[in-house]
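1. Let's see this in three dimensions:
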Amino acid sequence: MTSDQIADYLTRIRNAIKAKHIIVNIPKSNIKKEITKLLYKNGYIKNYKFYDKENIIKIALKYNNKTKESAIVNLKRISKPGLRKYSKIKSLPSVINGLGIAVLSTSKGILSDKEAKKDNIGGEILCYIY
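-> Sure, this is the predicted structure:
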């Protein structure tokens with residue numbers, strides 16, 4: 001059991017990308033499920049599947065066919081258990097001038113920075129993905 005589930009999730013994806021794996025298995029939790037759905041919705045992963053009996057998430061990583069580069073260049077944890085980072089709607093970050101996404105935990109659930117701006121809601125900045 002890890003103390004920071006989101007950091008573990010990001011590290012597993014980062015390590016799988018460095019090793020050029022096609023599929024990565026991650027222990028399942030509700031917040032990881034929501035982040036996975038957000039990654040798929042924004043085109044950072046090819047596909048995903050939740051296995052309830054095995055209690056895992058299988059994520060198919062997305063690579064460029066010609067250059068073999070991953071769709072995910074970097075994953076960065078922002079808010080940590082020892083130091084939470086919150087942002088109001090007016091000061092929501094723009095990751096690489098809008099090319100990446102900031103994943104936020106809001107009162108409406110896990111949202112990207114673009115969705116949070118559209119819904120006019122702030123929250124805890126979990127991570128940056130680009």
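2. show me where pLDDT drops low in this structure?
-> 1-2 (pLDDT under 70).
3. let's see 90
-> Within the chain, the stretches with pLDDT under 90 are 1-3, 65-68, 89-99.
4. ok, which stretches of it are strands?
-> Counting by DSSP state E, one finds strands in the chain at the ranges 23-27, 45-51, 56-61, 75-77, 86-87, 101-106, 109-112, 123-129.
5. and the longest helix for this protein?
-> For the chain, the longest helix by residue count, based on DSSP state H, is helix 5-18.
6. now that helix against strand 23-27, angle please.
-> If you take axes from the mean of the first three to the mean of the last three C-alpha atoms, to 10 degrees, helix 5-18 sits at 160 degrees to strand 23-27.
7. Tabulate the CA atom coordinates of helix 5-18 in PDB.
-> Written as PDB, here are the backbone C-alpha positions of helix 5-18 (Å, rounded to 0.1, in the frame of the first residue of the first chain):
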ATOM      1  CA  GLN A   5      -1.900   6.600  -4.900                       C
ATOM      2  CA  ILE A   6      -1.800   9.300  -7.600                       C
ATOM      3  CA  ALA A   7       2.000   9.500  -7.500                       C
ATOM      4  CA  ASP A   8       2.200   5.700  -7.800                       C
ATOM      5  CA  TYR A   9      -0.300   5.800 -10.700                       C
ATOM      6  CA  LEU A  10       1.800   8.500 -12.600                       C
ATOM      7  CA  THR A  11       5.100   6.600 -11.900                       C
ATOM      8  CA  ARG A  12       3.700   3.300 -13.200                       C
ATOM      9  CA  ILE A  13       2.700   5.000 -16.500                       C
ATOM     10  CA  ARG A  14       6.000   7.000 -16.700                       C
ATOM     11  CA  ASN A  15       8.000   3.800 -16.200                       C
ATOM     12  CA  ALA A  16       5.900   1.900 -18.800                       C
ATOM     13  CA  ILE A  17       6.500   4.600 -21.300                       C
ATOM     14  CA  LYS A  18      10.200   4.600 -20.700                       C
END
